[in-house]
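J.: Need the 3D shape of this:
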Amino acid sequence: MKKTLSMLLTVIFSIGITSAVQSQETEKAAFNTKKTEINIAIANIFSKNYLYPYYLYDGDLIYPYFDDFNQPRTKLIAGLKLHNPKGAVRLAAEFTYNSKKFDNDDNTETSSSNRVLDAGFNAGYEWHSTFNRVNIYYGFDLSVSHINYNYTNNVNNDEHITKSREISYGISPLVGVNFFITPNLSIGTEIKFITKAFTGKTIYEYNGEEQDTDKSSGFRTQFGPLGFLSLNIHF
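T.: Residues are numbered from 1 along each chain as shown. The predicted structure follows:
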């Protein structure tokens, strides 16, 4: 009797394990099986209204200087992923526009304003692994971006304008995760190690006439974005 009961429990246990595995495999197969994915994302969520100071030395003092030009800015990203069984081709366009105006209440003859337009395009590839509703991926993006920065300062009817243009190219290794709400909808986040080479030009104008020109070039690296949230549609 004990032997029969033991065998029966063993069979029931085996059937239970097999059913659980089959159920997990069926549930797993239901997610991340679509060939096309559209992404709508916001990057640099935590950089909004926050500036990092640069420290300048003018020969006498070291003081912090806040510049909108190269600061992380909240960006809107529209992306497309074309999936295969092992990964996906990644395509995305990103855009941001910021403008500010400052008026001096004590001196109505003094005011300043600036605006930044930043647009870019990314193309890359990712590899992924799916565990039930969770999809973990890693890969890389190749990127190109263009930034326009204009700063205007008016003092006693004299107008000083700074115009900067910059083009950058780079490659960014990345890692991310998506959580499937339904087989057709997921939310996700990712982080990159951003590496970029850039070239730029700055023109200084006084009352409509060009006074001086600076050229720049270099290389930047950083972890980012500062917060990333995407809504993904799979079909």
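J.: the helices in this structure, which residues?
T.: For the chain, helices defined by DSSP state H occupy the ranges 2-29.
J.: Identify the residue nearest the geometric centre of it.
T.: residue 43 (4.0 Å; Cα atoms, centre = their mean).
J.: isn't that residue right up against residue 74?
T.: Yes. Assessed by Cβ atoms under 8 Å, residue 43 is found in contact with residue 74 at 7.1 Å. For every residue, glycine as well, the C-beta is placed using N, CA and C.
J.: so residue 175 touches residue 137, yeah?
T.: Yes. Using Cβ under 8 Å, residue 175 is in contact with residue 137, at 7.3 Å.
J.: what residues do those two have in common as contacts?
T.: Taking Cβ atoms under 8 Å, 6 or more residues apart in numbering as the criterion, residue 175 and residue 137 both touch residue 190.
J.: okay, these two: which has more neighbours?
T.: Shown here are residue 175 and residue 137; by other Cβ atoms under 10 Å, residue 137 has more neighbours (21 against 14).
J.: Run through the residues that contact that one.
T.: Residue 137 touches 87, 88, 126, 127, 128, 129, 175, 176, 177, 178, 190, counting by Cβ under 8 Å, 6+ apart.
J.: What separation do you get for it and residue 32?
T.: Using Cβ to Cβ, to the nearest Å, residue 137 is found at 10 Å from residue 32.
J.: Please enumerate the shared neighbours of the two.
T.: 128, 178.
J.: Show me what the residue nearest to the centre of the chain bridges to in the sheet.
T.: residue 75, residue 228 (DSSP bridges).
J.: Contacts only, for it.
T.: Applying Cβ under 8 Å, 6+ apart, the residues near residue 43 are 74, 75, 77, 94, 224, 225, 227, 228.
J.: For the residue nearest to residue 129 when sequence neighbours are not counted, give me its contacts.
T.: Distances taken as Cβ to Cβ, 6 or more residues apart in numbering put residue 136 closest to residue 129, at 5.4 Å, once the chain neighbours are dropped. For residue 136, the contact set (Cβ under 8 Å, 6+ apart) comprises 128, 129, 130, 175, 176, 177.
J.: Just list whatever residues bridge to residue 136.
T.: Applying DSSP bridges, one finds that residue 136 bridges with residue 129, residue 177.
J.: Please apply the same query to the one 4 residues further on.
T.: The residues listed as beta-bridge partners of residue 140 by DSSP bridges are residue 125, residue 173.
J.: Test my guess that it contacts residue 122.
T.: No. The pair residue 140 and residue 122 fails to qualify as a contact (Cβ under 8 Å) at a distance of 9.8 Å.
J.: Among those two, which residue is more densely surrounded?
T.: residue 122 (21 against 17).
J.: My guess is that one contacts residue 81. True?
T.: No. Using Cβ under 8 Å, residue 122 makes no contact with residue 81, being 11.5 Å away.
J.: list the residues that contact both of these two?
T.: 90, 91.
J.: I'd like to know how far residue 232 sits from residue 87.
T.: Look at residue 232 and residue 87: by Cβ to Cβ, they are 15 Å apart.
J.: Looking at those two, which is more packed in?
T.: Comparing residue 232 with residue 87 by other Cβ under 10 Å, the one with more neighbours is residue 232, at 22 against 17.
J.: So what's the residue count around the closest residue to that one other than its chain neighbours?
T.: The shortest distance from residue 232 to any non-neighbouring residue, by Cβ to Cβ, 6+ apart, is to residue 186 (4.5 Å). By the criterion of other Cβ under 10 Å, residue 186 has 23 neighbours.
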